[in-house]
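**Student:** structure for this input, please:
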Amino acid sequence: MQRIFPVNHITRSPQPYQLPEKLIDLKITYKFNGETQEMSEFLQRSGTTGILVIKNDIIVYEKYFQGNSSTDLVTSWSIAKSIISALIGIALEEGKIENINDPITKYLPELKTSGYNQVPIKHILQMSSGVKFIEDYDDKNSDIRKLLPQVYLYMRPMEKIITTFPSQSPSGAYFDYISINSQVLAILIKRVTGEKVSSYFQKKIWHPIGAESNAYWVTDNYGTELGFCGFNATLRDYAKFGLLYLNNGKFNGQQIIPKTWVKESTFPDSPHLKPGETNDKYGRWGYQYQWWTPTNSHGDYSAKGAWGQFLYINPNQNLVIVKTSVSNSFFSLEEQNETIALFRAIGEQLTINNYRQQTKERQGA
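**Tutor:** Have a look, this model is predicted:
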C-alpha cells in the first residue's frame with residue numbers, strides 16, 4: 001500500500017522484544033451451523049495470509065500462506081480503529097482530553113456547523129454519534145465509496161471532509177457503524193497532542209511494546225492519517241498490541257494503556273450496544289469503544305477489519321489470535337462468525353492440552 005498511497009512511517013522499537021515460542025501442530029475441528037469443520041480447510045477457504053496464536057504469552061502456532069511471511073507488513077483495515085481507541089485512552093489519562101463525556105466540539109470547534117455539534121466523545125467511540133454517513137460498500141453513491149476519491153482525486157484534506165456531514169438522530173441512542181467517526185477521533189488525537197497520530201502511537205505504544213519491525217500508516221495528501229484504516233504491520237507486532245489488551249494495558253512490566261480504559265473500552269455499557277441488541281447488518285455483535293464483542297461472549301472480544309482481518313482476545317483462556325486474509329467476501333457475517341467459532345475451538349483445545357501437560361508433570365513429580 002505504501003507504493004500507492006502517501007504514508008507516515010513508524011520505526012521499530014530501539015529495544016525490540018521477541019516473544020518466546022513453543023510451536024505445536026494444531027489440527028482443529030470445530031462445530032459451525034451444526035456441521036463439523038476443519039481448521040485447515042477454513043484457512044484456505046477464507047483466503048488466510050497469516051495466523052498467529054499466543055497462549056500464556058507464548059507463540060504456539062504461526063503459519064503464513066499465499067507468499068506471505070513473518071516479515072511482511074499487512075494492512076489492518078478497521079483494526080486501525082481499535083488502535084485509535086487505545087490512543088484516546090492514553091490521551092485521556094494524560095489530561096490532554098479532560099473527560100470522555102466532553103463534546104467533541106470542545107476540542108474541534110470547526111465541527112459546530114456539522115452533525116457532530118455537542119456530540120460527546122463517548123458516543124463517537126461507540127458508533128452512536130447520530131451523524132448521517134452512509135457506509136454501504138455496495139452503493140457507489142454512498143459516502144464511504146466517495147470518501148477516498150475525495151481524498152486522493154480531489155485532494156481534499158480529511159480535516160475539511162469531517163465537517164460536511166449532518167445529523168440524522170440524537171447521539172447515544174442508535175448504533176450506526178460509520179468510519180467517519182473514527183476519522184474524527186484520529187483528528188482529535190492530532191489536535192490535543194500536537195502530534196501526528198503515527199508519531200504519538202510510535203512513542204506511546206509501538207516502542208514500549210518492543211515492536212520488532214517498522215510499520216506505516218496511510219495518510220491523506222497532507223499527512224493526516226486515515227483513522228478508520230491504513231495501519232500496516234507484521235502479525236507478530238499486531239499480536240503484541242493484542243497482548244497489551246490481554247494483560248490489562250501492561251506489557252513487559254510497564255503500564256502503557258490505563259487498566260481502567262482497557263476494561264471500559266472493550267465491554268458494552270449501553271443496552272443498545274450489547275451483543276444481540278445491535279442491528280442485523282453487523283450480525284448483532286456487541287460494540288463499545290471501537291472494539292467488537294461477538295455473540296455468546298464469555299469475555300472474549302475482537303478488533304476486526306474488512307476481507308477477514310482479526311485481532312482476537314480471550315482473557316479467560318489467556319489467548320490472543322491474529323488472522324489476516326484476502327477473503328473473497330468484504331464483510332461476510334457467516335465467515336466472521338465461523339472465524340470466532342474456530343478461535344474458540346483453538347482456545348478450548350489449547351486449554352485441554354495445558355491441563356494434560358500439567359497433569360502429566362504432576363504425576364511425574
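**Student:** correct me if wrong: Thr164 contacts Ser114.
**Tutor:** Yes. Counting by CB atoms under 8 Å, a contact exists between Thr164 and Ser114, whose distance comes to 6.7 Å. Where you see a C-beta, it was placed from the backbone N, CA and C, and this is true even at glycine.
**Student:** assumed Leu311 was part of a strand.
**Tutor:** Yes. For Leu311, which was evaluated using DSSP: H, G, I helix; E, B strand; the rest coil, the result is membership in a strand.
**Student:** burial measure for it, as a count.
**Tutor:** By other CB atoms under 10 Å, 25 other residues sit near Leu311.
**Student:** next: the one 5 residues further on.
**Tutor:** When neighbours are counted by other CB under 10 Å, Asn316 registers 10.
**Student:** measure the spatially most central residue of the chain to Gly227 for me?
**Tutor:** Most central in the chain under CA atoms, centre = their mean is Ile79, positioned 2.7 Å from the mean C-alpha point. Distance check for Ile79 against Gly227: by CB to CB, to the nearest Å, it reads 12 Å.
**Student:** torsion angles phi and psi at Lys323?
**Tutor:** Backbone torsions of Lys323, given as degrees, to the nearest 10, read phi -140, psi 120.
**Student:** can you pull the contacts of it?
**Tutor:** With CB atoms under 8 Å, 6 or more residues apart in numbering as the criterion, the residues that contact Lys323 are Thr48, Gly50, Ile51, Leu52, Gly308, Gln309, Phe310, Tyr312, Thr339, Phe343.
**Student:** quick check, pLDDT for the spatially closest residue to Met39 that is not a sequence neighbour.
**Tutor:** Spatially, and ignoring its direct neighbours in sequence, Met39 is nearest to Ile28 (3.9 Å; CB to CB, 6 or more residues apart in numbering). In the predicted model, Ile28 carries a pLDDT score of 98.
**Student:** out of the contacts of Lys323, who's nearest Lys160?
**Tutor:** Of all the contacts of Lys323, Gln309 has the smallest distance to Lys160: 28.6 Å, by CB to CB.
**Student:** among the contacts of Lys323, which lie within strands?
**Tutor:** Thr48, Gly50, Ile51, Leu52, Gln309, Phe310, Tyr312 (DSSP state E).
**Student:** between those, which is closest to Trp261?
**Tutor:** Ranked by distance to Trp261 (CB to CB), those are led by Tyr312 at 19.4 Å.
**Student:** how many neighbours does that closest one have?
**Tutor:** The tally of other residues near Tyr312 (other CB under 10 Å) stands at 25.
**Student:** show me the beta-bridge partners of it.
**Tutor:** Beta bridges link Tyr312 to Ser302, Ile321, judged by DSSP bridges.
**Student:** look up how far Tyr238 lies from it.
**Tutor:** Taking CB to CB as the measure, Tyr312 falls 11 Å from Tyr238.
**Student:** residues that sit against both of those two, list them.
**Tutor:** Contacts common to Tyr312 and Tyr238, judged by CB under 8 Å, 6+ apart, are Val322.
**Student:** dump the residue contacts of the residue nearest to the centre of the chain.
**Tutor:** Ile79 is in contact with Phe231, Tyr238, Ala303, Lys304, Gly305, Gln309, Phe310, Leu311, counting by CB under 8 Å, 6+ apart.
**Student:** one step back: quick one: which of the contacts of Lys323 is nearest Thr71?
**Tutor:** Sorting the contacts of Lys323 by how near they are to Thr71, with CB to CB, puts Gly50 at the top with 10.9 Å.
**Student:** just the helices in this structure please.
**Tutor:** For the chain, helices defined by DSSP state H occupy the ranges 39-45, 79-93, 121-125, 143-152, 158-161, 179-193, 197-201, 235-246, 259-266, 333-364.
**Student:** for the fourth one, which positions count as buried?
**Tutor:** In other words, helix 143-152. Buried residues in helix 143-152, counted by 16 or more other CB atoms under 10 Å: Asp143, Ile144, Leu147, Gln150, Val151.
**Student:** just curious, which of those is nearest to Tyr64?
**Tutor:** Comparing every one of the buried residues of helix 143-152 with Tyr64 (CB to CB), the shortest separation belongs to Ile144, at 30.2 Å.
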